[in-house]
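>>> okay, predicted coordinates and the sequence, questions at the end:
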Amino acid sequence: MRLAKLLTLAFGCSASALPVATLPWFGQITFDGLVEYLGYMSNLAEDGTIYQVLKNDRQYSRLVKAIDLSENVVGLLSDPSKSITFFALPNSKLPRHHKPHRGDRRHDESLVHCLADSLSDVSHDLGDLVQRAEELEKEPESRDKEKRKETLARIVQKIIAYHILPELYGTADLIQNSTYATNLTLNDGSMDSKPQRLSFLSTSIPPRLRINMLVEVTKRDIKAKNGVIHQISHALLPPPSIFQETFFVPEVFSFFTSAIQRVGLTGVIDRWQCSKDDGHNVSFLGATATTVFAPTSGAFERLPKKLRSYLFSPFGRKALKKLLEYHIVPNSVLYTDYFHNSTSSDVKEFSHCFKDALETQFEVPVPALVDGHVEDPVLTRNTIPFTELVYEYNATLPTLLEDHYLRVHVARYKSNLIPRCPRYFTSFKVNGRHVGPFDIPARNGALHVVSTILDPRKGRDHQANNGGDEAAWEDWEEWLHRWAMEN
């Protein structure tokens, strides 16, 4: 199944991790109760701070060497007044030592120059930083060593920030939401200067809690005086832009990325680094905040063959561009439990809005219409025993294609089938079509995957027609070219 290859997105871990099967909505289901019953919870009380717990545990000695480079990180993890969550990588999951090669020092020197003025580039692996910290420790004292140490400290501070949640979240808390804000905020304007986010997915068989789809939580709820530690299987790598994420998985998105480049929309979903001729002053260009519903290659392949040939020909370029624009929501970041509009001050964390929210309709503060209740024909309280609605909302989102809108429906459910062991899952639809996988974090927004090309006629003037999207393309010759030529 081609869509399953999406789960090899390695922006948060090694590509060797096992894939997770994802169904339209079942793939996002959570079963914390089974985890507890099977003894996967580690509830170790500690009197020390997070830093002291790590420092006193030999299995985190290499991670501590990197942490010690930054006084700010040490101070945060040692602050008894804080109440935070830290995801720690043990020695066994860090790369083995290697002998320094000739390029290492030149690489460190280039980092000094490139990151002297700005530290927006966070495309560094924590394991590599730990190795460099260990190598640096062995070198004799010198002015050059201090300069490189300062540079590594600044990088480590940013990468570690992506491993920290600003509030305390135990396992039972983490499974309740789909995403959480981290301590990492990039100073180049990415995410409209809002914190980068982590996504969480819990599965029942086998019982696992995963971060950013592939990083597994291997030891949970290690308590400390100022928070909690969760041990993870791989370092959390801050994600690249939406375009880069899709470009890195050609098996799933080759049609999409080729089409985006063909019609000149790369800059609308990408965010890239550039520097002046001297290579010193680093800046970023492209979209700062956007949401993309990216069709898979299978979605393009299900179109009539003649239509595909037309879209990727010079004659169909305008139609292809307008179709792609309809899948992009500019200036807004929409996760199923978070919304931010960069053109206003609207920021909403949906997940904390409801305590007893059964039968409650949530209105999303988007710069467009908010729709009435739409009953999900597949997923309702009547079809799932012992299930209650945590929150639900419908919204109409303006797309990059002028006067065309996407209608989204999100419902978060809590199941109490097993007493005292609730489970949570989300139903996410756009224009009545299931979305999945969804809530994929990106440097400049959110990526959601759709397995069909969305019909733009459903989004004109806030209207939505009935019928499947595949059937909409059978008569494309009667309307598509004429529609593409319209202003």
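Now that the structure is in, tell me what you want to look at. Numbering: from 1, shown residues only.

>>> any chance you could map the helices in the stretch 151-300 of the chain?
171-174, 242-247, 250-262, 266-269, 297-301 (DSSP state H, counting those that start in this stretch).

>>> how close does Val288 sit to Ile269?
Not quite, residue 288 is Thr, not Val. 11 Å (Cβ to Cβ, to the nearest Å). C-beta here means a position set from N, CA and C on the backbone, and glycine is covered the same way.

>>> circling back: ok, which of the helices of the stretch 151-300 of the chain comes nearest Ile229?
Taking Cβ to Cβ, helix 171-174 is the member of these nearest to Ile229, at 11.7 Å.

>>> return the distance of that closest one from the chain's centre.
Chain-centre distance of helix 171-174: 18 Å, with Cα atoms, centre = their mean, to the nearest Å.

>>> can I get the CA coordinates of that helix in PDB?
Taking C-alpha atoms only, helix 171-174 is exported to PDB below (Å, rounded to 0.1, in the frame of the first residue of the first chain):
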ATOM      1  CA  THR A 171       1.600   9.400  29.700                       C
ATOM      2  CA  ALA A 172      -2.100   9.700  30.600                       C
ATOM      3  CA  ASP A 173      -1.900  13.400  29.600                       C
ATOM      4  CA  LEU A 174       0.000  12.900  26.400                       C
END
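
>>> point out the other helices and strands that that helix packs with.
Helices and strands touching helix 171-174, by 3 or more Cβ pairs under 8 Å, 6 or more residues apart in numbering; DSSP states H and E, are helix 32-37, strand 215-224.

>>> could I get the buried residue list for the helix or strand just after the shortest one?
It stands for helix 32-37. With elements assigned by DSSP states H and E, the helix or strand that comes after helix 32-37 is helix 50-55. The neighbour-count check on helix 50-55 (16 or more other Cβ atoms under 10 Å) flags Ile50, Tyr51, Gln52, Val53, Leu54, Lys55 as buried.

>>> now, which of these sits nearest Val74?
Tyr51 (6.0 Å).

>>> please name the nearest non-neighbouring residue to the closest one.
Counting by Cβ to Cβ, 6 or more residues apart in numbering, Tyr51 lies nearest to Leu77, which is 3.8 Å off, once chain neighbours are set aside.

>>> that neighbour: what secondary structure?
helix (DSSP: H, G, I helix; E, B strand; the rest coil).

>>> I'd say it and Glu71 touch.
No - between Leu77 and Glu71 there is no contact under Cβ atoms under 8 Å: 11.1 Å.

>>> tell me which of these two has more neighbours.
Leu77 (27 against 10; other Cβ atoms under 10 Å).

>>> now do the contacts for the more buried one.
By Cβ atoms under 8 Å, 6 or more residues apart in numbering, the contact set of Leu77 is Thr49, Ile50, Tyr51, Leu54, Ile67, Phe86, Asn226.

>>> go again using 10 Å as the cut-off
By Cβ atoms under 10 Å, 6 or more residues apart in numbering, the contact set of Leu77 is 49-55, 64, 67, 70, 84, 86, 88, 160, 164, 224, 226-227, 229.

>>> cool, and Ile211?
Ile211 sits in contact with 12-13, 87, 163, 174, 180, 198-201, 217, 230, 232-234, 236, 441, where contact means Cβ under 10 Å, 6+ apart.

>>> go again with 8 Å.
Counting by Cβ under 8 Å, 6+ apart, Ile211 makes contact with Gly12, Phe87, Leu198, Ser199, Phe200, Val217, Ile232, Leu236.

>>> pretty sure the last one sits against Val215.
Yes - with contacts defined as Cβ under 8 Å, Leu236 counts as touching Val215 at a distance of 6.0 Å.

>>> and the contacts of stretch 159-174?
32, 35, 41, 66-67, 70, 73, 76, 83-89, 122, 124, 126, 129, 180-185, 195-196, 198, 200, 209, 217, 220-221, 227-228, 230, 235-238.

>>> try 6 Å
For stretch 159-174, the surrounding residues in contact (Cβ atoms under 6 Å, 6 or more residues apart in numbering) are 32, 73, 83-87, 124, 126, 180, 182-184, 200, 220-221, 227-228, 236, 238.

>>> and stretch 473-484, which residues are buried?
Trp473, Trp476, Leu480, Trp483, Ala484.

>>> can you tell me which of these end up in helices?
Residues of these located in helices (DSSP state H): Trp476, Leu480, Trp483, Ala484.

>>> where among the helices and strands packed on helix 171-174 is average confidence lowest?
Mean pLDDT values for the helices and strands packed on helix 171-174 show the minimum at helix 32-37, a mean of 43.

>>> where does the stretch 351-487 of the chain dip in pLDDT?
351-385, 459-471 (pLDDT under 70).

>>> now the helices for it?
469-472, 476-485.

>>> for Pro304, find the nearest of these.
Once those are compared by Cβ to Cβ, helix 476-485 is nearest, at 6.9 Å.

>>> show residues contacting the closest one.
Contacts for helix 476-485 (Cβ under 6 Å, 6+ apart): Leu307, Lys318, Ala319, Lys322.

>>> now neighbour count too, for those residues, in a markdown table please.
Formatted as a markdown table, these follow (neighbours: other Cβ atoms under 10 Å):
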| residue | neighbour count |
| --- | --- |
| Leu307 | 18 |
| Lys318 | 16 |
| Ala319 | 22 |
| Lys322 | 20 |
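
>>> wait, which of those is closest to Leu94?
Using Cβ to Cβ, those come closest to Leu94 at Lys322, 47.9 Å.

>>> model confidence over the host helix or strand of that closest one, on average?
Assigning secondary structure by DSSP H and E places Lys322 in helix 317-325. Averaged across helix 317-325, pLDDT comes to 97.

>>> helices and strands around it, which ones?
Using 3 or more Cβ pairs under 6 Å, 6 or more residues apart in numbering; DSSP states H and E, the elements in contact with helix 317-325 are helix 476-485.

>>> what's the spacing between the helix it packs on and its chain's center?
On Cα atoms, centre = their mean, the centre of helix 476-485 falls 35 Å from that of its chain.
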